[in-house]
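Peer 1: sequence first, predicted model second:
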Amino acid sequence: MTFFKRVLLLGTGPTSVQLAVNFRNHFNSKVGIAGRESSRSNIFFEKTIKQQLTLKAHIQNRQHQSVAGECVIDCLFKGYYTISGDWDTVVLSVTTDAYIAVLSQIDIQVLNQAKCVILISPTFGSNQLISNYLKQISSCAEVISFSTYYGDTRWLKGLPSNEVLTTGIKKTIYIGSNQSKTEHMAKLSELFYQLGIHVKVLASPLEAETRNISLYVHPALFMNDFSLKTIFEEQETIKYVYKLYPEGPITYTMIRHLLNHWKEMMKILTLVNIPHLNLLKFMVDDNYSLQPSSIARQDIENFEKLESIHQEYLLYIRYASLLIDPFSKPDQEGRYFDFSAVPIKKIFMNHEGIWDIPRMPKEDYYRLKIIQGVASALELECPTINQFIFTYEQKLQQVVASSEKMSFSEAFQIKNFSEDINMICEELV
């Protein structure tokens, strides 16, 4: 059997362009891209058609040459309902809260022909969600979850086009399938080996979905009064995601909330038979490295066994050690690269002319609501997760109530995502 012969990418963001180049050039796949009709996606469609369906992936660093390249795709579908043809692989490259909305617009015959569905940036429970949906339409497709997208990719010149820039790629990603170890995963591992990325195949897709650092750090970083005020209120001073207070949200209280959130997540993992994750080790070994003198290896390895106050101390040291890039070369004044200077993005006017919320924390809200729903089904108390959601929803209500003359996107609505939660929980039983 030939794998990845006909690959359909759902979504018109930078990630889809990078994926198209890699699938086309490494597997010689026939590639199609589909997206919703919107002001922003229309720009992508127009630019790509103007360039005769040619896509280009550029890189920032020479060591990432393996992911660079260009290709000519075969099909472009404006609107998911317009998709036609026989596609053996469907790749979901849209936000996790849009998975079902996107799939429900596609002709069932198209989906039923697919042998494999790949979730590029899923969240906790996404594989169960898609598996449940596919069962409802009598599809037997394999569903593969990545832990996270393998790169940091953006539009080359800041606006949608046929060209993207990948500024970094991950050393390791995790994948899992709802059909155990399969030839699809073996072929994907080959692809990523060629791209210079190590793939770890895990026992289940849910385990792969828990190996995403955003799951553990974003709620504490964004769902607090400091960050929410920065996101939703007019302020002249820029604030930064990964800086210590008052430049950013990181305080000892925020660190405590981050730690308690991780502990609640570990209780959930225990109940769904997923191995625990050493938070500090995952941060240091799988995400951003530290100089050995910053935190002793013994403390990293034994993090789960330490008392809470010791764990909080180590997490605070970890963030303080990454205020600068510890492996960058200092300038003549001895200053290292300002690694933590990632601005907190504010609400913005979208292409439809209404106010919208940045992906962080909009995606984190969906992720947390799903986790809250799963925890409730497992009869598990999660006060920290509940507090994050309460703080965020309270802010949404305040903003909408105080700005009656403004138009807001649906991201400002309080949601329960009950249908998604029920579908996930059906598969967890």
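Peer 2: That came through, no problem.

Peer 1: hmm, Gly168 is touching Gln60, no?
Peer 2: Yes. Checked against CB atoms under 8 Å, the pair Gly168 and Gln60 is within contact range at 7.4 Å. Glycine gets a C-beta too; all of them are placed from N, C-alpha and C.

Peer 1: would you state the strands of the stretch 51-200 of the chain in chain order?
Peer 2: Under the criterion DSSP state E, counting those that start in this stretch, strands of the stretch 51-200 of the chain are mapped to 54-59, 69-72, 75-78, 89-92, 116-119, 142-146, 151-155, 163-169, 172-177, 198-201.

Peer 1: could I get the ones you listed as a markdown table with mean neighbour count, mean pLDDT and distance to Asp299?
Peer 2: Below are those laid out as a markdown table (neighbours: other CB atoms under 10 Å; pLDDT from 0 to 100; distance: least, CB to CB, whole Å):
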| stretch | mean neighbour count | mean pLDDT | distance to Asp299 |
| --- | --- | --- | --- |
| strand 54-59 | 20 | 97 | 36 |
| strand 69-72 | 16 | 98 | 42 |
| strand 75-78 | 18 | 97 | 52 |
| strand 89-92 | 25 | 98 | 39 |
| strand 116-119 | 25 | 98 | 34 |
| strand 142-146 | 26 | 98 | 30 |
| strand 151-155 | 19 | 95 | 29 |
| strand 163-169 | 19 | 95 | 27 |
| strand 172-177 | 22 | 96 | 22 |
| strand 198-201 | 16 | 94 | 24 |
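
Peer 1: so which of those strands is nearest Asn260?
Peer 2: strand 172-177 (24.5 Å; CB to CB).

Peer 1: partner strands of the closest one, parallel or antiparallel?
Peer 2: strand 142-146 (antiparallel), strand 198-201 (parallel) (DSSP bridges).

Peer 1: show me the one of these that comes nearest Leu280.
Peer 2: strand 198-201 (18.9 Å).

Peer 1: coming back round to it: let me have the strands of the stretch 51-200 of the chain in JSON lines, extended by distance to Val110.
Peer 2: Output for the strands of the stretch 51-200 of the chain, formatted as JSON lines (distance: least, CB to CB, whole Å):
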{"stretch": "strand 54-59", "distance to Val110": "22"}
{"stretch": "strand 69-72", "distance to Val110": "22"}
{"stretch": "strand 75-78", "distance to Val110": "10"}
{"stretch": "strand 89-92", "distance to Val110": "8"}
{"stretch": "strand 116-119", "distance to Val110": "12"}
{"stretch": "strand 142-146", "distance to Val110": "16"}
{"stretch": "strand 151-155", "distance to Val110": "26"}
{"stretch": "strand 163-169", "distance to Val110": "26"}
{"stretch": "strand 172-177", "distance to Val110": "21"}
{"stretch": "strand 198-201", "distance to Val110": "28"}
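
Peer 1: verify the stated contact: Val400 with Phe408.
Peer 2: Yes. Contact criterion CB under 8 Å: Val400 and Phe408 qualify, at 6.1 Å.

Peer 1: how is the protein divided into domains?
Peer 2: Domain segmentation of the chain under automatic domain parsing yields 6-208, 214-428.

Peer 1: what's the most buried one of these?
Peer 2: Most buried of the domains of the chain, by mean neighbour count (mean count of other CB atoms under 10 Å): domain 6-208, with a mean of 19.

Peer 1: so how far is that domain from its chain's centroid?
Peer 2: Mean C-alpha position of domain 6-208 versus that of the full chain (CA atoms, centre = their mean, to the nearest Å) differs by 13 Å.

Peer 1: can you give me the end-to-end span of that domain?
Peer 2: Its first and final residues considered, domain 6-208 spans 25 Å by CA to CA, to the nearest Å.

Peer 1: quick one: pLDDT of Met1?
Peer 2: At Met1, the pLDDT value in this model is 54.

Peer 1: same thing with Asn350?
Peer 2: Confidence score, pLDDT, at Asn350: 89.

Peer 1: try the one 4 residues further on
Peer 2: At Ile354 the predicted local distance difference test score is 94.

Peer 1: what's the spacing between it and Phe222?
Peer 2: 21 Å (CB to CB, to the nearest Å).

Peer 1: who's in contact with His276?
Peer 2: Contacts here follow CB atoms under 8 Å, 6 or more residues apart in numbering; on that basis His276 touches 266, 269-270, 304.

Peer 1: that's a strand at it, yeah?
Peer 2: No. Assigned with DSSP: H, G, I helix; E, B strand; the rest coil, His276 falls outside any strand and is coil.

Peer 1: quick one: it and Trp262, what's the gap?
Peer 2: Applying CB to CB to His276 and Trp262 gives a distance of 10 Å.

Peer 1: what's the answer for Glu304, then?
Peer 2: 10 Å.

Peer 1: over to His198?
Peer 2: On the measure of CB to CB, His198 and Trp262 end up 24 Å apart.

Peer 1: please apply the same query to Val102.
Peer 2: With CB to CB as the criterion, Val102 and Trp262 are 31 Å apart.

Peer 1: run through the helices of the stretch 101-250 of the chain in chain order.
Peer 2: Ranges of helices in the stretch 101-250 of the chain, per DSSP state H, counting those that start in this stretch, are 108-113, 126-136, 183-194, 205-209, 214-222, 225-232.

Peer 1: out of those helices, which gets nearest to Ile295?
Peer 2: helix 214-222 (16.4 Å).

Peer 1: can the helices of the stretch 101-250 of the chain go into JSON lines with extra columns for distance to Val31 and mean pLDDT?
Peer 2: JSON lines is the format used below for the helices of the stretch 101-250 of the chain (distance: least, CB to CB, whole Å; pLDDT from 0 to 100):
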{"stretch": "helix 108-113", "distance to Val31": "15", "mean pLDDT": "97"}
{"stretch": "helix 126-136", "distance to Val31": "21", "mean pLDDT": "98"}
{"stretch": "helix 183-194", "distance to Val31": "14", "mean pLDDT": "93"}
{"stretch": "helix 205-209", "distance to Val31": "24", "mean pLDDT": "98"}
{"stretch": "helix 214-222", "distance to Val31": "28", "mean pLDDT": "98"}
{"stretch": "helix 225-232", "distance to Val31": "36", "mean pLDDT": "98"}
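
Peer 1: brilliant, that's me finished.
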